[in-house]
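# fold the following and give me the result.
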Amino acid sequence: MAYFDSLASMEEDFDELSNEKDFLVALQLQNHFDKEEKENEGQLDKITQIHPMNVVDKQWELIDPHPNIHTLFQQFNHQFFYGKLDSVYVEWSKRMTRCAGICYYRRGGECRIALSASYLTLRPRKDLVETLLHEMIHAYLFVTHNNKVIYCFF
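Below is the predicted model of the structure:
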């Protein structure tokens, strides 16, 4: 019986030693990962500055799945249209169901972009961004060249 007791005691000692070794290895790995993380800190910012995410990158679905259309409009206006669309108004339309967006002109030169709330609020962010940019191109052509495309369903 004493043999089995000493064997059980040896197994317990081995388990404790094994657990201690596992713990030490885990600590070493954690220290290595922490050091690596500190060394790479800011690298994503540098990469993003060199290669910024495109406006329909899949990561935007996680970062900002339901963007404010007015904020997007202002950002795109300055980023792609040289700020020439400051006089254009963008709005959601609850009644529009046949198309995702439309750019229309009123008397006196007023230009508006309407986006379908029922269509675009339930779709991926990419669809909203692409539709907004499409309609902003129409608005840009109107504002800069007085180009009034009558029908273009997007």
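# and residue 109, how far from residue 139?
Remark: distance between residue 109 and residue 139 (Cβ to Cβ, to the nearest Å) = 12 Å. Every C-beta, even on glycine, is put in place using the N, C-alpha and C of the backbone.
# compare those two (neighbour count), which wins?
Neighbours of residue 109 and residue 139, each counted by other Cβ atoms under 10 Å, are more numerous for residue 139; the result is 24 against 10.
# how about the nearest residue to the more buried one, chain neighbours excluded?
residue 88 (4.7 Å; Cβ to Cβ, 6 or more residues apart in numbering).
# now residue 96
Nearest residue to residue 96, sequence neighbours excluded (Cβ to Cβ, 6+ apart): residue 116, at 4.3 Å.
# before we move on, the earlier item: quick one, what contacts the residue nearest to residue 139?
73, 77, 111, 112, 113, 136, 139, 143 (Cβ atoms under 8 Å, 6 or more residues apart in numbering).
# same question for residue 101.
Neighbour list for residue 101: 113, 114, 115, 116, 120, 131, 132, 134, 135, 154 [criterion: Cβ under 8 Å, 6+ apart].
# element containing the second one, please.
So that's residue 114. Element membership of residue 114, judged by DSSP states H and E, is strand 111-116.
# give me the neighbour count for residue 34.
10.
# er, residue 92 I mean
Summarising burial for residue 92: neighbours were counted as other Cβ under 10 Å, giving 14.
# phi, psi of it?
In this entry, residue 92 is assigned phi and psi values of phi -90, psi 140 (degrees, to the nearest 10).
# any idea what it is bridged to?
Beta-bridge partners of residue 92, counted by DSSP bridges, are residue 115.
# just to revisit the earlier point, just put the contacts of residue 88 in CSV and tack on distance to residue 55.
Written out in CSV, the entries for those read as follows (distance: Cβ to Cβ, whole Å):
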residue, distance to residue 55
73, 12
77, 13
111, 22
112, 22
113, 16
136, 11
139, 17
143, 21
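# buried members of those residues into ChimeraX, please.
Here is the ChimeraX command that selects only those of these that count as buried (16 or more other Cβ atoms under 10 Å):
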select :73,77,111,112,113,136,139,143
